[in-house]
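K.L.:
Structure, please.
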Amino acid sequence: MPLDLEKPIHTPRLVLRRFREQDAADLFDYLHAPTASCFLSLALADLGAARAEARRRSTDGEHVAVCLQESGRLIGDLFAMQEEDTFSVGWNLNPRFGGRGYAQEAASALFAHLFTARAARRLYAYVEDHNAASRRLCEKLGMRAEGLFLEFISFQNDAQGEPIYENTMQYAILHKEWLRASSA
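P.N.:
Model prediction:
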């Protein structure tokens, strides 16, 4: 079941909201050449493809647009897929805006929303073991490394057409762990 954010969520520097068709150019800016291999299948060929994707995201409720509060500019997206009282979560931010704490600010707001408004019991995320930035983010968000799946998935092939399998970490946080960390 998709997240389908009903009202925007405001943080000190960001707004988390539903996608709009007008987000196409900013979406293209970070999806024309995704930096994380797990997003390679989402690569957009041109602005027309970005317009179609922004339109689709404006109605699907699965992706949440992460925008700068001051300008309204889209700088990335979050997603959360519900499985009963558990959510699979993830993020994809424009690398041009990296290193400023936006990913942590956005994901923290999403976690608070899922644990309070959506009564989540558990959140988990898959991260390729070589994606150091996402692994650090999971840890900053209070998530625990739960396991390493060796050669778990392939997002691309080598020059001979053979799949390149990646090792994937699973991180998670329980509602009670989030509450303890929030009150500390």
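
K.L.:
now the helices for this protein?
P.N.:
24-31, 47-60, 102-116, 132-140, 175-183 (DSSP state H).

K.L.:
which residues sit in contact with the residue lying closest to Ala106 once chain neighbours are set aside?
P.N.:
Closest residue to Ala106 apart from its sequence neighbours, by Cβ to Cβ, 6 or more residues apart in numbering: Val66 at 4.6 Å. Every C-beta, even on glycine, is put in place using the N, C-alpha and C of the backbone. By Cβ atoms under 8 Å, 6 or more residues apart in numbering, Val66 lies in contact with 14, 16, 74-78, 91, 93, 102, 106.

K.L.:
Out of those, the closest to Arg135 would be?
P.N.:
Ranked by distance to Arg135 (Cβ to Cβ), these are led by Trp91 at 12.4 Å.

K.L.:
before we move on, back to that, which one of the helices of the chain lies nearest to Asp85?
P.N.:
Asp85 lies closest, by Cβ to Cβ, to one member of those: helix 175-183, at 8.7 Å.

K.L.:
hang on, the earlier thing: how about the contacts of Val66 in TSV, adding pLDDT?
P.N.:
Compiled in TSV, the contacts of Val66 are given as follows (pLDDT from 0 to 100):
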residue	pLDDT
Leu14	98
Leu16	97
Leu74	98
Ile75	98
Gly76	97
Asp77	95
Leu78	96
Trp91	96
Leu93	95
Tyr102	98
Ala106	98
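
K.L.:
Select only the buried ones of those residues in PyMOL?
P.N.:
Listed next is the PyMOL selection for buried residues among the contacts of Val66, using 16 or more other Cβ atoms under 10 Å:
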select buried, resi 14+16+74+75+76+77+78+91+93+102+106
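
K.L.:
tell me the two of the contacts of Val66 that are most distant?
P.N.:
Across these, the longest distance by Cβ to Cβ is 13.3 Å; it joins Leu74 and Trp91.

K.L.:
hang on, the earlier thing: tell me the bridge partners for the residue nearest to Ala106.
P.N.:
Beta bridges link Val66 to Leu16, Gly76, judged by DSSP bridges.
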